[in-house]
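Q: Curious how this folds, go ahead:
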Amino acid sequence: MSEAQRPLPRPTEITEGYWHAAAQGRLVVQGCRACGHRQFYPRTLCLACESDQVDWTEVCGFGSIYTFTINHRAPNAFMKARLPYAVAIVELDEGVRMMANILNASPEAIAIGKRVRVVFEKASDDVSLPQFELID
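A: Numbering: from 1, shown residues only. Alright, predicted model coming up:
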């Protein structure tokens, strides 16, 4: 029996910069050259001023858990081997929120407000997924 394959993201023209940076071990979000607003998930326009002058900007990769859930049912065969696993909304120190898994932590250790740092999980030769770990 073959090992279950993880479903992988399919970069688009709008998201390819994000996935390229992640493959290099860098976490980026969009930053607006017109007003300075930062945003995630990627869009063609700035949410604050509607400018199309959005670029990728590297962020520190540290933040806090804004909210989370512990999954006890897997959406696919790959994630079944990881049960239970945590999915969190992380508020980065730069103010942007993003969703990712919390790795290497028991469900009991995860809590709103806990500090986290980004780690990159190599999912294939071309794709690394930004995930987070608790900071002790």
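Q: Spatially nearest residue to residue 73 (excluding sequence neighbours)?
A: Using CB to CB, 6 or more residues apart in numbering and skipping residues adjacent in sequence, the residue nearest residue 73 is residue 83, 7.7 Å away. All C-beta atoms are positioned from the backbone trio N, CA, C, and that covers glycine.
Q: Enumerate every residue touching the one you found.
A: Taking CB atoms under 8 Å, 6 or more residues apart in numbering as the criterion, residue 83 is in contact with 71, 72, 73, 74.
Q: Let me know the secondary structure of the third one.
A: Classification of residue 73 using DSSP: H, G, I helix; E, B strand; the rest coil returns coil.
Q: Measure how buried it is and give me the count.
A: 8 (other CB atoms under 10 Å).
Q: likewise the last one?
A: Number of residues near residue 74 (other CB under 10 Å) recorded here: 15.
Q: just residue 9 next, same as before
A: 12.
Q: Distance-wise, check it relative to residue 99.
A: Distance, residue 9 to residue 99, using CB to CB, to the nearest Å: 12 Å.
Q: same thing with residue 20?
A: Applying CB to CB to residue 20 and residue 99 gives a distance of 20 Å.
Q: Dump the longest helix along the chain to PDB, keeping only the CA atoms.
A: Using DSSP state H, we find that the single longest helix of the chain is helix 16-23. This file holds the C-alpha atoms of helix 16-23, laid out as PDB (Å, rounded to 0.1, in the frame of the first residue of the first chain):
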ATOM      1  CA  GLU A  16       3.100  32.500  -6.700                       C
ATOM      2  CA  GLY A  17       5.300  35.000  -4.900                       C
ATOM      3  CA  TYR A  18       4.100  33.700  -1.500                       C
ATOM      4  CA  TRP A  19       4.800  30.100  -2.500                       C
ATOM      5  CA  HIS A  20       8.200  30.900  -4.000                       C
ATOM      6  CA  ALA A  21       9.300  32.700  -0.800                       C
ATOM      7  CA  ALA A  22       8.000  29.800   1.300                       C
ATOM      8  CA  ALA A  23      10.100  27.300  -0.700                       C
END
